[in-house]
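Q: Next come a sequence and a model predicted from it.
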Amino acid sequence: VSQAELRALRSQINPHFLFNALNGLYGAIPREAAGARRMVLNLAEIFRYSLQSDKAFVPLTQEMQIVRAYLELEQCRLASRLDVQIEVDDAALQIPIPALSIQPLVENAVKHGVALRIEPGYVRIKAQCRNDELRISVENSASGRATEAPVTGVGLQNVRRRLEICYGAGAELRFSPGMEVTTAEIRIPL
């Protein structure tokens with residue numbers, strides 16, 4: 001019990017320390033370096049979102065904010081090598097989804113697809129309501145070689161398991177790796 005309490009107390013301090021360090025970094029970056037300052041703000045937003053442990057579900061619009069912040073960070077790193085396209089139906093924006101269910105798919109798309117390419121690549125995210133379900137797809141230009149994203153990777157398995165816990169057999173995560181295009185699709189009953 002004491003060890004659990006110590007871990008809980010330490011877990012309160014870790015985010016506090018992290019945000020103080022990010023604020024210090026932000027303050028140390030000259031105002032003229034607007035891109036670097038924006039990267040720190042995006043990173044803080046991503047950490048804040050991922051550390052919110054009290055919310056199992058968030059509206060799709062909130063998840064998409066964090067996905068956009070993450071993709072903006074990656075666009076700073078990959079520059080013209082990463083093209084981002086996002087299409088979200090207005091009807092889908094307020095639908096609750098498990099927190100951090102799209103971001104890991106987008107991260108995989110960048111890490112195992114676009115970032116491994118020499119030539120430019122893309123990440124396309126679509127969310128739409130169809131046939132009494134919310135369909136969210138993350139498609140990316142693949143690396144051009146056998147996929148390095150394991151179908152049983154931690155991120156995919158985590159998302160798949162949380163969908164199962166939240167929706168039972170009514171939801172699914174489909175992952176289709178390919179030499180040229182890789183797609184991950186979540187289907188959630190409305």
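A: Nice, thanks for sending it over.
Q: Which residue ranges of this protein form strands?
A: Applying DSSP state E to the chain gives strands spanning 57-59, 82-88, 96-98, 121-130, 133-141, 172-176, 181-189.
Q: Including mean pLDDT and mean neighbour count, could those strands go into JSON lines?
A: Just so you know, the C-beta spots here come from the backbone N, C-alpha and C atoms, and that holds for glycine as well. Below are the strands of the chain laid out as JSON lines (pLDDT from 0 to 100; neighbours: other Cβ atoms under 10 Å):
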{"stretch": "strand 57-59", "mean pLDDT": "92", "mean neighbour count": "15"}
{"stretch": "strand 82-88", "mean pLDDT": "97", "mean neighbour count": "15"}
{"stretch": "strand 96-98", "mean pLDDT": "94", "mean neighbour count": "21"}
{"stretch": "strand 121-130", "mean pLDDT": "96", "mean neighbour count": "18"}
{"stretch": "strand 133-141", "mean pLDDT": "96", "mean neighbour count": "21"}
{"stretch": "strand 172-176", "mean pLDDT": "94", "mean neighbour count": "16"}
{"stretch": "strand 181-189", "mean pLDDT": "95", "mean neighbour count": "19"}
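Q: show me the residues around Arg37 that make contact.
A: Residues near Arg37 by Cβ atoms under 8 Å, 6 or more residues apart in numbering: Tyr26, Ile29, Arg31.
Q: Which ones among those map onto helices?
A: Among these, the ones falling in helices (DSSP state H) are Tyr26.
Q: and Arg160, which of the strands of the chain is closest to it?
A: Proximity to Arg160 (Cβ to Cβ) singles out strand 172-176 among the strands of the chain, at 4.6 Å.
Q: so what secondary structure elements neighbour the closest one?
A: Packing partners of strand 172-176 (3 or more Cβ pairs under 8 Å, 6 or more residues apart in numbering; DSSP states H and E): helix 154-167, strand 181-189.
Q: In PDB, list the C-alpha atoms belonging to the shortest one.
A: Going back to what we said before, that points to strand 181-189. Output of strand 181-189 as PDB, limited to C-alpha atoms (Å, rounded to 0.1, in the frame of the first residue of the first chain):
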ATOM      1  CA  VAL A 181      -0.100   2.300 -49.000                       C
ATOM      2  CA  THR A 182      -0.900   1.300 -45.400                       C
ATOM      3  CA  THR A 183      -4.300   1.800 -43.900                       C
ATOM      4  CA  ALA A 184      -5.600   1.500 -40.300                       C
ATOM      5  CA  GLU A 185      -9.400   1.900 -39.800                       C
ATOM      6  CA  ILE A 186     -11.400   2.100 -36.700                       C
ATOM      7  CA  ARG A 187     -15.100   1.300 -36.800                       C
ATOM      8  CA  ILE A 188     -17.200   2.300 -33.800                       C
ATOM      9  CA  PRO A 189     -20.900   1.700 -33.400                       C
END
